[in-house]
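In: This is a predicted model, with the sequence first.
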Amino acid sequence: MSGVARRTVDVAVVGSGPSGLVAARRLAAAGADVVVLEREAAPGGVPRHSAHTGYGLRDRHRLMTGPAYAARLAEEADAAGATLRTEATVTGWAGPRALAVTSPAGLEELDAGAVVLATGARERPRPARLVAGDRPMGVVTTGLLQQLVHLHDRLSASRAVVVGAELVSWSAVLTLREAGCATVLMTSEHDVAEAPAPLRWLGPRALGVPLATRTRVARILGRGRVEGVEVVDTRSGARSQVACDLVVFTGSWRAEGELARTAGLQVDPASGAPVVDTELRTSAPGVFAAGNLVHPVDTADVAALGGAHVADAVRRWLEAPALPPRGVALAAEAPLAWVAPTVLRPGDRPPPRRRLLAWSTEARAVAAVRLTQDGREIARRRLPWAVSPGRVLRLPAGLLDAVDLAGGPVRLTLD
């Protein structure tokens, strides 16, 4: 195609959130020619517009605000020699490891020795949740809310309803508070709100937020602008209306996996994430995935540590490209919606942080995880903590020690 610039690099990283930036830094420091492609105007991903603290504990062993954390990761990747290209959107694939890129400089094809997909996850918006009503202004997700407040200073609302009660939902409450907007109701469809118990107790009291469980937002009220919501008590069916001028849909995550799908990668239908093994290889040779694209969604520092993990796997691929050995599939069964990674191979490292990550659709005060293979139980371990929907479940990778890598698929569930 005429007018398309072509370039070859060792590694192309798609996405400049924590996992992408850490992977780029480690690979560039090892001598690789690394380009990071970011469609936004600045690198850093979600932490860039999350002004509250709570970032960096696991990877940096200190607490930082989101913008400070994002800036530090970007500075380190740049200092290591990675090229950070912003306003560069990957629109598709031009080959097995070649990316079609659109930027203010024009069209480009970037041919890479390895590709790392680090595109993250997104909250399901209102249409995906089948909430009725017209389509007035004032309906946002947490990500859009944080951008409006922290990047553009353009929020004009005084009363908000927050749909969801996950950790990110309380992040939305803090953002609203900073913008001078009161949260008049937080809703959860579950019997118990999804956030950890200390936050479930402290949040409503410290921030003055009414929290309604077993409650579903059924309709958005208003035409030109949101005027309120209609909520349903899921036990009794009783309906009521709450006046507000902003509705924030939070949580209910799904992987930002469009590039994975267009590449023909094997994708987990439950999470939308590309299927990966413990080295974070996808089903396509030389294409890797990391961060919240793989586990939608965990904290930013866990995603960053996944970036370090994938960098080592990419480096080995660049040194000696080879197809991995046959693997054993790991599948989640109800009440678990998904598990990651999902392929176990002989000779591979344990997953990042020696943890399997999973997602439950049910709350369990007491639970045990159980693994079965070829019709028999191979491992079972009681969990020392409660299980809640809306929070990632971290399981010790030692559970995998009993897997027969010459056997059939391994199924994981909760008792």
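Out: Thanks, I have it.
In: where does the protein have low pLDDT?
Out: Within the chain, the stretches with pLDDT under 70 are 1-2.
In: where along this protein do the helices fall?
Out: Shown for the chain, the helices assigned by DSSP state H span residues 18-29, 57-60, 66-80, 142-146, 167-178, 197-207, 258-262, 300-319.
In: If we go by neighbour counts, what in the last one is buried?
Out: Right, helix 300-319. By neighbour count on 16 or more other CB atoms under 10 Å, the buried set for helix 300-319 is 300-315, 317-318. Where you see a C-beta, it was placed from the backbone N, CA and C, and this is true even at glycine.
In: before we move on, back to that, compare the helices of the chain and give me the one nearest R216.
Out: Comparison of the helices of the chain against R216 by CB to CB identifies helix 167-178 as nearest, at 14.7 Å.
In: In the beta-sheet assignment, what are the partners of L185?
Out: V161 (DSSP bridges).
In: Do I have it right that it meets G208?
Out: No - between L185 and G208 there is no contact under CB atoms under 8 Å: 11.5 Å.
In: between these two, who's got more neighbours?
Out: Neighbour totals were compared for L185 and G208, and L185 leads with 21 against 12 (other CB atoms under 10 Å).
In: what's the burial count for R85?
Out: Neighbour tally, R85, other CB under 10 Å: 19.
In: Skip the chain neighbours and tell me the closest residue to it.
Out: Take R85 and drop its neighbours on the chain: the residue closest to it by CB to CB, 6 or more residues apart in numbering is L37, 5.6 Å away.
In: how about that neighbour, what does it touch?
Out: 12-16, 85, 88-90, 99, 101, 110 (CB atoms under 8 Å, 6 or more residues apart in numbering).
In: With V328 instead?
Out: Shown in contact with V328 (CB under 8 Å, 6+ apart): 343-345, 373, 403-405, 407-410.
In: which residues pair with it across the strands?
Out: Counting by DSSP bridges, V328 is bridged to L344.
In: With A5 instead?
Out: Beta-bridge partners, per DSSP bridges, of A5: E108.
In: what about it, how many neighbours?
Out: For A5, the neighbour count with other CB under 10 Å is 12.
In: So that it lines up with my notes, have the first residue be 221 from now on.
Out: Fine by me, first position is 221 from now on; the one you just mentioned is A225.
In: Check the gap between it and A232 for me.
Out: A225 is 14 Å from A232, where distance means CB to CB, to the nearest Å.
In: and what of T470?
Out: 32 Å.
In: G353 against R443, yeah?
Out: No - using CB under 8 Å as the test, G353 is too far from R443 to be in contact (9.3 Å).
In: of these two, who's got more company?
Out: The residue with more neighbours, out of G353 and R443, is G353; 19 against 12, by other CB under 10 Å.
In: Who is the more buried one paired with across the strands?
Out: What pairs with G353, by the bridge criterion (DSSP bridges), is I440.
In: Now for it: which residues touch it?
Out: Going by CB under 8 Å, 6+ apart, G353 touches 439-442, 450.
In: Include neighbour count and distance to A480 when you put the residues you listed into JSON lines, please.
Out: Compiled in JSON lines, these are given as follows (neighbours: other CB atoms under 10 Å; distance: CB to CB, whole Å):
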{"residue": "R439", "neighbour count": "15", "distance to A480": "34"}
{"residue": "I440", "neighbour count": "23", "distance to A480": "32"}
{"residue": "L441", "neighbour count": "17", "distance to A480": "37"}
{"residue": "G442", "neighbour count": "20", "distance to A480": "37"}
{"residue": "E450", "neighbour count": "17", "distance to A480": "37"}
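In: Much appreciated, bye for now.
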